[in-house]
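**Q** Provided below for reference: sequence and predicted model.
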Amino acid sequence: MSGEHKIGQRHRGRLALACPRQSTAVQVREHAESTMRQYALADSAAGLGWDRSQVLVLDGDLGLSGRSTRLRGDFKEVVSKVCQGEAGLVLVLEASRLSRNSAGFQRLLEFCQVTDTLIADADGVYDLRDFSDQLLLGFKGTMAAVELHILAQRMQEAKRAAARRGELRLPLPIGLCYDIDDQVVLDPGQEVQAAVADVFRAFEATGSCCGVVRAFRDRRFPAHGQSWTGEVTWMRLRQSQARAILRNPAYAGAYVSGRVKPEQQTDAGGFIRTRSIEQPPDRWEVVIHDHHPGYISWETFLSNQRQLASNRTQGGARPPREGGALLQGVVLCGHCGGGMGIYYSGSGAAHYRCRSRLDQARTPGCRSVSAGLVDPLAERRLLETVTPEQIDLALAAAEELTQREARTLRAFEFRAERARYEASRAERAFHLCEPENRLVARSLEQRWEARLAAVAEAEAAVEAQKAQRPPLPPKAELATLAADLRRLWNEPATSPRDRKRVLRTLITDVTLTSDPAGDEIRAGIRWRAGACEEQTATRTRMRTRQEAVELIRHRKLEGLRDTDIAAELRALGLRTARGNEFGTRDVRNVRHFLGLARPSALGPGELTVSQAAARLGVKPGTVCYWLRAGLLPHRKRATGAVCIPFSAQTEATLRARPAVSRHMKRTQNKTIGGAV
């Protein structure tokens with residue numbers, strides 16, 4: 001090996017590090033000759049004069065890419081031993097294999113220069129303290145980076161060309177495989193085909209990934225085992241797996257390339273991470289329809305994507321859920337304009353409650369409304385409206401409204417087209433300007449930027465106009481729905497979720513406005529055709545019998561406690577508005593409704609501990625001492641409160657006690673001193 005004269009005894013007295021590395025596990029498995037050559041580096045170190053015990057083979061980076069040092073534990077160990085001066089020689093098949101990351105490679109060279117560590121590869125031994133060797137290794141690292149870039153560029157362009165023809169071999173999901181002619185076909189296993197097909201059937205029936213997982217609760221589902229063997233394993237279906245199947249266009253017979261693109265980001269530790277970001281369908285590079293047999297059609301795939309998007313509650317969607325509340329997800333508060341959530345009482349009754357009540361940002365009019373009061377109103381209006389005659393009228397009105405909005409949209413598009421023309425003129429003027437005339441060029445550049453901003457504003461206005469109204473349902477679907485809607489609605493087999501889907505077909509939302517001072521509720525229904533109407537409902541209050549109310553009023557004025565009044569009402573056989581026996585809480589609610597004050601816990605002539613202490617001019621602790629010593633009569637309530645019967649004789653007896661007199665005198669002196 002050339003450059004052996006650079007090796008001295010100071011180097012041989014330290015470790016020799018042999019660093020075999022392959023970029024991927026496939027290379028380790030298939031390129032065995034290269035792996036054997038790299039393991040032979042230990043013999044090369046022995047031939048250079050190192051003892052076998054001083055040669056350390058670090059092969060933990062086999063199968064790991066050298067583009068990043070985050071997961072390469074052995075590379076970090078090499079750097080650590082070099083920095084600590086424990087390494088005298090670092091052997092590698094090619095110097096650039098130490099790190100494909102330029103920053104990491106150059107940093108290692110700096111450490112080797114400082115600690116006098118040699119680097120050896122197939123071309124010779126390099127001493128980093130020698131400027132020529134340092135320049136040569138740096139140039140090798142740069143050329144390796146250029147080589148990787150050129151190779152990657154060639155490979156990527158070749159892959160893109162093959163993908164545009166639909167010939168690039170891509171990993172296939174479960175249920176699809178390649179035949180002997182490299183054509184994509186359905187999996188020959190009938191059980192695998194049936195399981196994948198049932199995923200789409202279950203989603204069509206339930207409309208959610210959770211429903212698909214519930215449908216496979218007692219069934220096993222196929223999954224790929226080791227990627228290079230094609231083995232199929234069976235396991236329980238997970239929600240993430242079901243979502244991946246529903247979002248994969250390969251099941252619709254389409255060949256798609258460019259669904260996922262890598263994106264580099266830096267983490268908190270300063271490492272560069274590469275994440276795979278899924279691209280929206282309009283950014284897919286290659287889409288070839290009917291490329292191979294599929295489980296569903298392309299139209300079904302697009303419908304599934306719309307359904308999945310409508311299920312994303314994080315994005316503000318309110319898909320129909322289980323539960324008896326018919327207006328779940330489409331009911332709004334008429335006071336603050338926010339959405340209303342649903343909560344169910346212990347009896348199962350549903351109530352709509354404004355979500356602003358949860359963050360204490362509600363207006364005084366935000367209230368809770370019983371679903372049993374407004375759901376029948378919306379149901380009645382839906383069934384009355386969905387008739388063939390009403391549908392024809394609604395569609396005619398909707399068609400006129402659509403044409404009107406199309407004319408408005410066309411005006412916005414003309415505005416955007418005009419803005420693009422002005423921007424194009426500004427661009428041409430800028431390019432025709434001589435570069436030496438900087439004053440004019442700067443002015444033309446500013447005008448071009450202003451025109452581009454106007455283009456962006458006009459295009460944003462076009463998109464906002466397109467998204468202003470939700471799409472109308474097809475007329476054929478509405479005609480089929482109106483044929484026998486009432487029978488299907490009242491069918492016991494019709495689930496609440498199906499009823500909610502039918503309602504959302506025609507109703508956009510319902511706005512509830514409650515009168516805080518009365519029992520009237522106004523429900524504003526906004527139909528998908530654009531029409532709006534308002535319906536009124538009245539709360540039905542359950543009132544307590546007047547006889548019981550008057551008895552509570554009189555007994556309270558007489559000073560009786562709520563517990564005593566409830567006992568008397570039960571003795572008389574009177575019941576609450578719900579037909580239950582009166583309890584202390586029921587009496588308290590009636591008293592609160594009548595506006596009567598809370599009854600005092602003290603009897604006639606009784607005082608609390610604080611009141612007795614203030615009466616005698618002593619501290620409350622002194623009164624508590626008298627209570628524990630039995631010097632002061634008292635009684636305890638069930639809540640633990642102490643009531644002291646206080647009379648003039650009790651007060652005179654306590655004031656005559658010497659301890660009381662001294663305590664009162666000290667209190668008096670403190671008061672006088674504080675005043676002075």
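**A** Alright, I've got the coordinates. Numbering: from 1, shown residues only.

**Q** ok, now which ones touch Q328?
**A** Neighbouring residues of Q328 by C-beta atoms under 8 Å, 6 or more residues apart in numbering: 318, 320-321, 342, 500. C-beta here means a position set from N, CA and C on the backbone, and glycine is covered the same way.

**Q** 10 Å instead?
**A** 318-322, 340-342, 350, 352, 371, 375, 496-497, 500, 503 (C-beta atoms under 10 Å, 6 or more residues apart in numbering).

**Q** quick check: phi and psi at it.
**A** Torsion angles at Q328 (phi, psi; degrees, to the nearest 10) stand at phi -60, psi 130.

**Q** what does the pLDDT read for it?
**A** Looking at Q328, its pLDDT stands at 85.

**Q** next one: H663
**A** At H663, pLDDT is 48.

**Q** same deal with G315?
**A** pLDDT, G315: 65.

**Q** what's in contact with stretch 513-520?
**A** So stretch 513-520 is contacted by 332-335, 352, 354, 364-369, 521-524, 534, 536-541 (C-beta under 10 Å, 6+ apart).

**Q** of the contacts of Q328, closest to E204?
**A** Proximity of these to E204 (C-beta to C-beta) peaks at R497, which lies at 13.4 Å.

**Q** would you quantify the distance from the residue lying closest to D130 once chain neighbours are set aside to Y352?
**A** Nearest residue to D130 in three dimensions, chain neighbours excluded: K6, at 7.8 Å (C-beta to C-beta, 6 or more residues apart in numbering). In this view, K6 and Y352 are 83 Å apart by C-beta to C-beta, to the nearest Å.

**Q** looking at the two, which is more packed in?
**A** Y352 (26 against 17; other C-beta atoms under 10 Å).

**Q** check contacts around that one.
**A** 325, 327-328, 331-333, 339-343, 367-371, 373-375, 510, 512, 514.

**Q** let me know the distance separating S240 from T505.
**A** With the distance defined as C-beta to C-beta, S240 ends up 30 Å from T505.

**Q** for A197, that is, sorry about that
**A** 27 Å.

**Q** equivalent analysis for S424, please.
**A** Separation of S424 from T505 (C-beta to C-beta): 45 Å.

**Q** let me see the ranges of the strands in the stretch 251-400 of the chain.
**A** 255-257, 260-266, 272-278, 286-288, 331-333, 340-344, 350-354, 368-370 (DSSP state E, counting those that start in this stretch).

**Q** buried residues in stretch 299-313?
**A** Neighbour counts over stretch 299-313 (16 or more other C-beta atoms under 10 Å) mark 300-301, 304, 308, 310-311 as buried.

**Q** got the contact list for it?
**A** Under C-beta under 10 Å, 6+ apart, the answer for stretch 299-313 is 200, 203-204, 207-210, 243, 245-254, 281, 294-297, 315, 317-321, 329, 504.

**Q** now render the strands of the stretch 251-400 of the chain as CSV, adding distance to F414 and mean pLDDT.
**A** As requested, these are exported to CSV (distance: least, C-beta to C-beta, whole Å; pLDDT from 0 to 100):
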stretch, distance to F414, mean pLDDT
strand 255-257, 35, 93
strand 260-266, 35, 79
strand 272-278, 36, 79
strand 286-288, 31, 92
strand 331-333, 35, 88
strand 340-344, 41, 84
strand 350-354, 42, 86
strand 368-370, 46, 83
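
**Q** and S240 and T505? which has more neighbours close in?
**A** Between S240 and T505, counted using other C-beta under 10 Å, the more crowded position is T505 (15 against 10).

**Q** what pLDDT does the model give the more buried one?
**A** Looking at T505, its pLDDT is 79.

**Q** and it, how far from L89?
**A** 77 Å.

**Q** poorly predicted segments of the stretch 101-250 of the chain, please.
**A** 225-230 (pLDDT under 70).

**Q** go through stretch 49-62 and flag the buried ones.
**A** Across stretch 49-62, burial judged by 16+ other C-beta under 10 Å covers 50, 54-62.

**Q** pLDDT on the host helix or strand of S80, on average?
**A** In this structure, S80 is located in helix 73-83 according to DSSP states H and E. Averaging pLDDT along helix 73-83 gives 86.

**Q** right, and the helix or strand after that helix?
**A** Where DSSP H and E defines the elements, the next helix or strand beyond helix 73-83 is strand 87-91.

**Q** chain center to that next one: distance?
**A** 50 Å (C-alpha atoms, centre = their mean, to the nearest Å).

**Q** how many other residues sit next to P188?
**A** P188: 9 surrounding residues under other C-beta under 10 Å.

**Q** chain neighbours aside, what residue packs nearest to it?
**A** The shortest distance from P188 to any non-neighbouring residue, by C-beta to C-beta, 6+ apart, is to C177 (7.6 Å).

**Q** so that neighbour belongs to a strand, correct?
**A** Yes - with DSSP: H, G, I helix; E, B strand; the rest coil as the criterion, C177 is located in a strand.

**Q** that one contacts V192, correct?
**A** Yes - contact criterion C-beta atoms under 10 Å: C177 and V192 qualify, at 9.2 Å.

**Q** ramachandran coordinates for A349?
**A** Given degrees, to the nearest 10, the pair of backbone angles that A349 has is phi -70, psi 140.

**Q** for R353, give me its contacts.
**A** So R353 contacts 333, 340-343, 362, 366-369 (C-beta under 10 Å, 6+ apart).

**Q** try 7 Å this time
**A** By C-beta atoms under 7 Å, 6 or more residues apart in numbering, the contact set of R353 is 340-341, 343, 368.

**Q** can you show me the strands along the stretch 101-250 of the chain?
**A** 118-121, 124-127, 176-178, 184-186, 221-224, 232-235.

**Q** buried set for the fifth one?
**A** Residues of strand 221-224 classed as buried by neighbour count (16+ other C-beta under 10 Å): 221-223.

**Q** each with direction, which strands does it pair with?
**A** Next to strand 221-224 in the sheet, as set by DSSP bridges, lie strand 232-235 (antiparallel).

**Q** how about the fourth one?
**A** Sheet pairing of strand 184-186 (DSSP bridges) gives strand 176-178 (antiparallel).

**Q** now the strand it pairs with, how far from the chain's geometric center?
**A** The answer for strand 176-178 is 34 Å, by C-alpha atoms, centre = their mean.

**Q** touching it from outside, list them.
**A** 184-187, 250.

**Q** quick check, nearest of those to C112?
**A** Distances from C112 to the contacts of strand 176-178, taken by C-beta to C-beta, are shortest for A250, at 49.6 Å.

**Q** list the buried ones in the helix or strand harbouring A566?
**A** Following DSSP H and E, one finds A566 within helix 562-572. Neighbour-count burial for helix 562-572 flags 562, 565-569 (criterion: 16+ other C-beta under 10 Å).
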